[in-house]
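Visitor: missing the sequence, but the structure's below:
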Ligand code: G6P
Ligand code: MN
């Protein structure tokens with residue numbers, strides 16, 4: 001089985017490779033092809049992977065290339081984990097929005113729109129190449145904003161592209177644990193869009209346990225989302241929101257905190273990771289040790305350095321580092337070996353959520369097997385959630401249209417109609433500001 005990783009020089013690739021090394025089952029990945037535009041980043045990551053593989057029998061063979069077609073031809077799985085514009089781009093997305101007094105964040109609000117406008121044309125180009133060179137491959141998309149990017153790719157790949165995120169699994173696990181349930185035995189009724197979803201029920205042996213949690217303020221105060229949103233607000237909502245909803249429900253507070261901070265999360269990660277790649281210029285450097293040290297620093301700042309979860313207390317050790325590589329591996333195994341499982345994934349709606357059309361990519365529990373990911377019929381969202389989900393999906397559609405047509409007016413519309421952008425004039429200035437700093441937005445006319 002061959003796996004191609006796009007964005008193969010990325011800092012989180014060793015997490016994926018580490019997960020592959022732990023997989024001893026039949027039909028496992030035996031060959032990994034890393035693709036990246038940046039040769040020196042590819043070399044740095046390849047060295048880390050080689051050190052990880054030392055002493056592991058039958059470790060997947062690793063090759064690296066800067067040629068996309070070569071990386072794709074004949075592959076079985078593609079992990080798409082690119083970052084158009086790099087972490088400097090992320091820092092600029094954050095900064096330009098905050099200067100206008102609106103949320104500057106990787107995937108939500110104005111920052112997420114800017115990131116989407118840069119990424120969609122590139123992701124669509126990749127999807128076209130996959131459709132041509134590896135039409136039977138399954139594409140697992142981690143590239144953010146993951147729901148929007150998956151929808152852009154689905155226009156070329158249909159249901160062969162599946163988007164993933166670690167946040168719904170993490171949330172489901174925390175809710176199960178706080179209720180004393182085994183996360184593996186609980187069915188988490190989670191629905192919405194990527195980074196915009198709610199746990200509406202947690203079923204164990206046929207019984208919904210969420211009401212027990214919502215009725216108990218002490219229990220609510222004992223886990224991360226409970227502290228982040230506050231027990232009273234969760235009781236009013238009657239559901240447990242994804243941590244990213246904090247940007248909506250406490251928008252003013254986050255914007256102010258981010259404006260007051262010394263640097264944004266993107267700027268922090270940019271500087272920190274630059275240190276790792278710089279260290280790797282020394283041919284004698286110990287690659288795995290350097291990577292591991294940088295990763296530990298990143299995790300140590302997970303709750304601080306302007307992350308939405310700051311102030312929510314400690315995150316348990318096994319919730320750190322996302323765990324997105326585990327979701328990716330679980331998905332790949334289910335597809336490759338027809339091992340039926342249930343995972344929360346980003347797929348085309350196909351009638352699952354009645355508020356959205358069939359082609360809209362949504363984030364819902366899916367049954368996964370050798371035929372792909374099949375969304376499980378879900379109860380309709382409550383009105384407050386329907387309102388947000390429809391507003392944000394319509395913004396995503398404007399981003400897709402702007403990326404296709406190059407229309408600046410449509411890009412302005414995307415910003416202006418986002419619930420977290422409070423004026424059309426602000427939207428116009430955001431488009432000015434972003435096109436001035438991002439070469440990847442030069443296509444907007
Ligand atoms: C979570 C989200 C990812 C996001 C990441 C950002 O894992 O699910 O979509 O990319 O957080 O983390 P960072 O450490 O880069 O701020
Ligand atoms: Mn995510």
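Guide: Happy to help now that I have it. Remember, it's a predicted structure, so these values are computed and weren't measured experimentally. Numbers count the residues shown, from 1 in each chain. Ligands and ions are numbered 1, 2, ... in the order given.
Visitor: From the contact counts, what lies against the helix or strand that contains residue 154?
Guide: Under the criterion of DSSP states H and E, residue 154 resides in helix 146-157. Packing partners of helix 146-157 (3 or more Cβ pairs under 8 Å, 6 or more residues apart in numbering; DSSP states H and E): helix 109-133, strand 138-141, strand 161-163, strand 341-348, strand 361-369, helix 383-405. All C-beta spots, glycine's among them, are computed from the backbone N, C-alpha and C.
Visitor: which of the ones you listed is buried the deepest?
Guide: With neighbours defined as mean count of other Cβ atoms under 10 Å, the helices and strands packed on helix 146-157 peak in mean count at strand 161-163, which reaches a mean of 29.
Visitor: Wondering if it reaches ligand 1 at all.
Guide: No: shown here: strand 161-163 not in contact with ligand 1 (Cβ under 6 Å from any ligand atom), separated by at least 10.2 Å.
Visitor: Mark out where each domain of this structure begins and ends.
Guide: Following automatic domain parsing, one finds the domains of the chain at 2-164, 252-317.
Visitor: tell me which parts of the stretch 1-150 of the chain are close to ligand 1?
Guide: residue 144.
Visitor: of all of the stretch 1-150 of the chain, which residue lies closest to ligand 1?
Guide: Nearest to ligand 1 in the stretch 1-150 of the chain, going by Cβ to the nearest ligand atom, is residue 144, at a distance of 5.1 Å.
Visitor: Quick check on residue 351: phi, psi?
Guide: Main-chain torsions, residue 351, degrees, to the nearest 10: phi 90, psi 0.
Visitor: returning to what we had before: and the contacts of the helix holding residue 154?
Guide: Contact with helix 146-157 is made by 80, 107, 116, 119-120, 123-124, 126-128, 130-131, 139, 141, 143, 161-165, 193-196, 346-348, 359-363, 396, 399-400, 403, as judged by Cβ atoms under 8 Å, 6 or more residues apart in numbering.
Visitor: What residues of stretch 197-204 count as buried?
Guide: 197, 198, 199, 200, 201, 202 (16 or more other Cβ atoms under 10 Å).
Visitor: Same check on stretch 148-165?
Guide: 148-154, 156-157, 160-165.
Visitor: separation between residue 376 and ligand 1?
Guide: To ligand 1, residue 376 is 21 Å away according to Cβ to the nearest ligand atom, to the nearest Å.
Visitor: which residues touch the residue lying closest to that residue once chain neighbours are set aside?
Guide: Nearest residue to residue 376 in three dimensions, chain neighbours excluded: residue 365, at 4.9 Å (Cβ to Cβ, 6 or more residues apart in numbering). By Cβ under 8 Å, 6+ apart, residue 365 lies in contact with 187, 188, 189, 190, 191, 342, 343, 344, 375, 376, 378.
Visitor: Read off the pLDDT value for residue 365.
Guide: pLDDT, residue 365: 98.
Visitor: Give me the pLDDT for the closest residue to ligand 1 within the stretch 101-250 of the chain.
Guide: Going by Cβ to the nearest ligand atom, ligand 1 is nearest to residue 167 of the stretch 101-250 of the chain, at 4.2 Å. At residue 167, the model reports a pLDDT of 95.
Visitor: so it touches residue 242, yeah?
Guide: Yes: shown here, residue 167 and residue 242 form a contact pair, counting by Cβ atoms under 8 Å, at 5.6 Å.
Visitor: Now for those two: what residues contact both?
Guide: Common neighbours of residue 167 and residue 242 (Cβ under 8 Å, 6+ apart) are residue 195.
Visitor: Give me the residues contacting stretch 270-288.
Guide: Applying Cβ under 8 Å, 6+ apart, the set of residues contacting stretch 270-288 is 11, 14, 40-41, 43-44, 47-48, 50-52, 86-88, 90-91, 263, 290-291, 294, 297-298.
Visitor: go with 6 Å
Guide: With Cβ atoms under 6 Å, 6 or more residues apart in numbering as the test, stretch 270-288 has contacts from 11, 44, 47, 48, 51, 87, 88, 91, 290, 294.
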